[in-house]
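K.L.:
Coordinates only, no sequence provided:
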């Protein structure tokens, strides 16, 4: 995230160090839930309790929605959609294909990834 913020300052006008920390913390909810669908909300609420500035970005990341928006959330969602499960770079389409391969073409994960990719490319 820090690299993307540095490379695209007009598109993502955010603090680079804060972007780095958010990138590290954004999936913390996986440690506290066995359900992938709730990791964002659990992580966000946990970080809110700790007073973390970007808890809402964690709470809403990966979820196509209109309830909350910020430059940091846009950056996080973009970074998440171009990073594979092992941390390697991939295109958004490759990421969607990877999700489909792991969870099934008709899974809710694929639908959300497609919806999120449309928000990213339109925004």
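P.N.:
In hand now; what should we look at? Owing to the predicted nature of the structure, the values given are computational and were not obtained by experimental measurement.

K.L.:
most centrally placed residue in the protein?
P.N.:
With the centre of the chain defined as its mean C-alpha position, the nearest residue by Cα atoms, centre = their mean is residue 77, 3.6 Å away.

K.L.:
Could you tell me how far residue 71 is located from residue 84?
P.N.:
Distance of residue 71 to residue 84, computed by Cβ to Cβ, to the nearest Å: 24 Å. (Glycine included, C-beta is placed from N, CA and C.)

K.L.:
about what we covered before: so which helix or strand takes in the residue nearest to the centre of the chain?
P.N.:
Under the criterion of DSSP states H and E, residue 77 resides in helix 71-81.

K.L.:
neighbouring contacts of the helix of greatest length in the chain?
P.N.:
If each helix of the chain is counted by residues according to DSSP state H, the longest one is helix 108-122. Judged by Cβ atoms under 8 Å, 6 or more residues apart in numbering, the contacts made with helix 108-122 from elsewhere in the structure are 36-37, 62-64, 74, 77-78, 81, 92-93, 95-96, 99-100, 103-104.

K.L.:
wait, the residue nearest to the centre of the chain sits on residue 65?
P.N.:
No: with the criterion set as Cβ atoms under 8 Å, residue 77 and residue 65 do not qualify as a contacting pair; they are 10.6 Å apart.
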